[in-house]
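Asker: show me how the following folds:
(one chain, ligands or ions: 1)
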Amino acid sequence: MAARLIDGNALAQQIRSEVAARVSALRARGVHPALAVLLVGENPASQVYVRHKVADCEGVGMRSILDRLPETLDEAALLARIAELNADPLVHGILVQLPLPAHIDTDKVIAALSPAKDVDGFHVQNAGALMVGQRGFRPCTPYGCMRMLQSAGIDPRGRHAVVVGRSNIVGKPMAMMLLQAHATVTICHSATPDLAAFTRQADILVAAVGRRNTITAEMVKPGAAVIDVGMNRNEAGKLCGDVDFERVRDVAGWITPVPGGVGPMTRAMLLVNTLEAAESGLAKAEATPG
Ligand code: GUN
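Answerer: Sure, this is the predicted structure:
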């Protein structure tokens, strides 16, 4: 029997509707949630992502501030711009699109973000909060994956979750979120020998590798939930994930498509984080007398 699809487009649409309603409520109280997006250089994929993020803000009634900065921008100028946005009470979220040009130190730039405005969840304070189970912004892609599991009624508690990939943006935070949801978690990566021996044990399999057809049908346990974070192109230029979708769907219990799976959820969770940044700013303002 073919796997059930977890429809990222439909779930993202539902989340955007909820966000739009909360944005209206905030605007009625005089707060207009705003996201600043910094794009340095001309990376074509980054330009597409940034365009989507700005359009998503408009779609839910949020304000966006897009800074298109030249490839040659020096690090000090970028840090100065971040300091300005950190101090601006009308800006609730700041996102620096990655990758940055090689002459800019990405760690230093992320460290310069106010953790309270770091809606990507990349700052060490937010990463640390996730690690120890405290409140903080969750990186949007793994956060979206968790919402997809939840929407399908899949409770990670007691399940074996296998995450393939160990990036700071996806693999590591994904593993932490699954652990927090009481899964037994294995993290595999490029130096894992016999990847299939691990993936075949997965009740929940998250592929975040960046290479198409990495996960084949033989590597999947019958009935497993397969979450495909990959964003690759095949020879024909068509968008595809890390999972051999057509074959794996005959084995898995649930599967996320590419496109229309994790991608739209990442974008939706950015809106959720930005909204929550604005809401918590208001809560703090109301708690401060005078
Ligand atoms: N580049 C690729 N993915 C991301 C992301 O989630 N956030 C940012 N800021 N840059 C990215």
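
Asker: what count of nearby residues applies to the residue of the chain found nearest the ligand?
Answerer: Proximity of the chain to the ligand (Cβ to the nearest ligand atom) peaks at Leu98, 3.7 Å away. (Glycine included, C-beta is placed from N, CA and C.) Neighbours of Leu98 under the rule other Cβ atoms under 10 Å: 15.

Asker: got it, and Gln97?
Answerer: Gln97, neighbours per other Cβ under 10 Å, totals 20.

Asker: just checking, it touches Ala36?
Answerer: No. The pair Gln97 / Ala36 is not scored as a contact, 11.1 Å apart, by Cβ atoms under 8 Å.

Asker: ok, the residue of the chain closest to the ligand to Gln134 distance?
Answerer: For Leu98, the distance to Gln134 equals 24 Å [Cβ to Cβ, to the nearest Å].

Asker: just the helices in the stretch 51-200 of the chain please.
Answerer: Counting by DSSP state H, counting those that start in this stretch, the stretch 51-200 of the chain has helices at residues 75-87, 106-112, 124-132, 140-151, 171-180, 195-199.

Asker: now the longest one: average pLDDT?
Answerer: For helix 75-87, the mean per-residue pLDDT is 98.

Asker: helices or strands next to it in the packing?
Answerer: Using 3 or more Cβ pairs under 8 Å, 6 or more residues apart in numbering; DSSP states H and E as the contact test, the elements touching helix 75-87 are strand 34-40, strand 63-69, strand 93-96, helix 106-112.

Asker: quick one: average pLDDT of stretch 49-61?
Answerer: The model assigns stretch 49-61 a mean pLDDT of 98.

Asker: brain fart, stretch 226-242
Answerer: Mean predicted confidence for stretch 226-242 is 96.

Asker: what's the span of that stretch from first residue to last?
Answerer: 11 Å (Cα to Cα, to the nearest Å).

Asker: what's the answer for stretch 127-145, then?
Answerer: 17 Å.

Asker: show me which residues of it are buried.
Answerer: Under the neighbour-count criterion of 16 or more other Cβ atoms under 10 Å, stretch 127-145 has 127, 129-130, 136-145 buried.

Asker: contacts for stretch 180-189, please.
Answerer: Where contact means Cβ atoms under 8 Å, 6 or more residues apart in numbering, the residues beyond stretch 180-189 that reach it are 130, 133, 146, 155-166, 171-172, 175, 178-179, 195, 198-199, 201-202, 204.

Asker: distance to the ligand and mean neighbour count added to the helices and strands packed on helix 75-87, as TSV?
Answerer: Below are the helices and strands packed on helix 75-87 laid out as TSV (distance: least, Cβ to the nearest ligand atom, whole Å; neighbours: other Cβ atoms under 10 Å):
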stretch	distance to the ligand	mean neighbour count
strand 34-40	8	23
strand 63-69	13	16
strand 93-96	5	26
helix 106-112	9	16
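
Asker: write out the residues of the stretch 101-250 of the chain neighbouring the ligand.
Answerer: Within the stretch 101-250 of the chain, the residues that sit near the ligand (Cβ under 6 Å from any ligand atom) are 120, 140-141, 169.

Asker: again, only this time at 8 Å
Answerer: With Cβ under 8 Å from any ligand atom as the criterion, the stretch 101-250 of the chain comes near the ligand at residues 120, 122, 139-141, 169.

Asker: shaky segments in this structure?
Answerer: 289-290 (pLDDT under 70).

Asker: where along it do the strands fall?
Answerer: Counting by DSSP state E, the chain has strands at residues 4-5, 34-40, 63-69, 93-96, 160-164, 184-188, 204-207, 225-228, 232-233, 239-240, 254-255.

Asker: list the helices and strands the last one packs on?
Answerer: Pointing back at strand 254-255 there. strand 4-5, strand 225-228.

Asker: how about the third one?
Answerer: With contacts defined as 3+ Cβ pairs under 8 Å, 6+ apart, the secondary structure elements packing on strand 63-69 are strand 34-40, helix 44-59, helix 75-87.

Asker: and it, how far from the chain's centre?
Answerer: Its chain's average C-alpha position is 20 Å from that of strand 63-69, according to Cα atoms, centre = their mean, to the nearest Å.

Asker: which parts of stretch 255-266 are buried?
Answerer: 255-258, 260-266.

Asker: surely Arg211 and Asn232 touch.
Answerer: Yes. At 6.7 Å, Arg211 and Asn232 qualify as touching, with contact defined as Cβ under 8 Å.

Asker: more crowded one of the two?
Answerer: Higher neighbour count among Arg211 and Asn232: Asn232, with 16 against 12, using other Cβ under 10 Å.
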